[in-house]
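Enquirer: Here's a sequence, model it:
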Amino acid sequence: MKRQSKDELCCSPGAPSAEMTLRSLEGAAADDELAKLAKAIGHPARVRILRLLSRKEARVCSQIVDELPLAQSTVSEHLRILKKAGLVRSAGDGARIGYCIDFNGLRRLKALTAII
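Expert: This next block holds a predicted model:
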């Protein structure tokens, strides 16, 4: 069986999202989106996971578990929340799923918080 490289563990980088207009950064929908993103990063463990992944290295859950004092099930749940919020992407099959930062999600978070 061929072992996947780190680059193959995660999906290819997403295309940069279209320019964000001021209108897309304000209003009820933008407020709801910002609240969802803030909730996703509202736990120190999720912030640590984002910092680990921001090194632009794909990692599987077990590699993240090795770097944090958390159980595998806890790390998996944090990754699920970050992925649902659009801050993390995943790719792979079976037990070897690679996780990467979703830079479009981070750009969106930065843009939404920049106008507060």
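
Enquirer: now the residue nearest the centre of the chain: how far from Ala71?
Expert: Geometric centre of the chain, nearest residue: Val88, 2.0 Å, by CA atoms, centre = their mean. Counting by CB to CB, to the nearest Å, the gap from Val88 to Ala71 is 19 Å. From N, CA and C alone the C-beta is placed, and that goes for glycine too.

Enquirer: now the helices for this structure?
Expert: For the chain, applying DSSP state H gives helices covering 28-40, 44-53, 61-67, 72-84, 103-114.

Enquirer: between the second one and helix 28-40, how big is the angle?
Expert: Relative orientation of helix 44-53 versus helix 28-40 (axes from the mean of the first three to the mean of the last three CA atoms, to 10 degrees): 90 degrees.

Enquirer: Remind me what helix 44-53 packs against, helices and strands.
Expert: If you count contacts as 3 or more CB pairs under 8 Å, 6 or more residues apart in numbering; DSSP states H and E, helix 44-53 packs onto helix 61-67, helix 72-84, strand 88-93, strand 96-101.

Enquirer: So which of these is nearest Asp31?
Expert: Closest of the helices and strands packed on helix 44-53 to Asp31 is helix 72-84, at 18.3 Å (criterion: CB to CB).

Enquirer: what separates that closest one from the chain centre, distance-wise?
Expert: Counting by CA atoms, centre = their mean, to the nearest Å, helix 72-84 is centred 10 Å from the centre of its parent chain.

Enquirer: Asp93: which of the helices of the chain is closest?
Expert: Checked against CB to CB, the stretch from these lying closest is helix 61-67, at 14.0 Å.

Enquirer: Using CSV, list the CA coordinates for the closest one.
Expert: Coordinates of each C-alpha in helix 61-67 appear next as CSV, following Å, rounded to 0.1, in the frame of the first residue of the first chain:
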residue,chain,number,x,y,z
CYS,A,61,-5.9,13.5,13.8
SER,A,62,-3.4,11.2,15.6
GLN,A,63,-0.6,13.7,14.8
ILE,A,64,-2.6,16.5,16.4
VAL,A,65,-3.4,14.3,19.4
ASP,A,66,0.4,13.7,19.8
GLU,A,67,0.9,17.4,20.2
